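Trainee: What shape does this take:
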Amino acid sequence: MIGVFASTLTEHEFERLCNEARRIVADPEFDPPSLLDVARQIKSLRIREARNYWTAEMDALLGTATDDAIGKAIGKPGQTVADRRRALKIQAFERKWTAEEDAMLGTDTCRAIAEQLGRTRDAVKHRMRFLRRKTQIN
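Mentor: Next up is the predicted model:
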């Protein structure tokens, strides 16, 4: 069991987790020092680190697609991706509207059009309002 867990870690990560295990066992408040409790502590530490771990490659993806799409690709929640993108001051991905998509607006319900276009209902409604205002100004 421990061998399988250890094989998924780099040598540096494994050494750090061993040091953490030694610290946990040496803590006077830790009574009794059972191996299962140490394993749970190590697993908890590993999960916390994995959630907060970002590589340069992951950062390079930010803003190139929707936060949810990037999150699915890298195994993180879309909200976590959005938080990281905002922290790095990277603009959100914005899919441009095509003339064909604009032509579909008003031909069916917002929900049906949104499903056909792969956009949200709100995005369709906002685009329709924008085009209405644009024609009223001109």
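
Trainee: Export the host helix or strand of residue 85 to CSV, keeping only CA atoms.
Mentor: Using DSSP states H and E, residue 85 sits in helix 78-87. The C-alpha trace of helix 78-87 is given here as CSV (Å, rounded to 0.1, in the frame of the first residue of the first chain):
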residue,chain,number,x,y,z
GLY,A,78,-13.8,25.8,-13.1
GLN,A,79,-14.0,28.2,-10.1
THR,A,80,-10.5,27.4,-9.0
VAL,A,81,-9.3,28.1,-12.6
ALA,A,82,-11.2,31.4,-12.6
ASP,A,83,-9.7,32.4,-9.3
ARG,A,84,-6.2,31.6,-10.6
ARG,A,85,-6.8,33.5,-13.8
ARG,A,86,-8.0,36.6,-12.0
ALA,A,87,-5.1,36.4,-9.5
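
Trainee: Of all the residues in it, which ones are buried?
Mentor: For helix 78-87, the neighbour count (16 or more other C-beta atoms under 10 Å) marks 80-82, 84-85 as buried. C-betas here are computed from N, CA, C, even on glycine.

Trainee: Heading C-terminal from it, find the next helix or strand.
Mentor: helix 99-104.

Trainee: Who are the packing partners of that following helix?
Mentor: Packing contacts for helix 99-104, counted by 3 or more C-beta pairs under 8 Å, 6 or more residues apart in numbering; DSSP states H and E, involve helix 110-117, helix 121-137.

Trainee: Quick check: buried residues in that helix?
Mentor: Buried, per 16+ other C-beta under 10 Å, within helix 99-104: residue 101.

Trainee: Run the chain-centre distance for that helix.
Mentor: On the basis of C-alpha atoms, centre = their mean, to the nearest Å, helix 99-104 sits 31 Å off its chain's mean C-alpha point.

Trainee: for it, what is the average pLDDT?
Mentor: Here helix 99-104 scores 94 as its mean pLDDT.

Trainee: re the thing from before, buried deepest among the helices and strands packed on helix 99-104, which one?
Mentor: Mean neighbours per residue, mean count of other C-beta atoms under 10 Å, is largest over those for helix 110-117, with a mean of 16.
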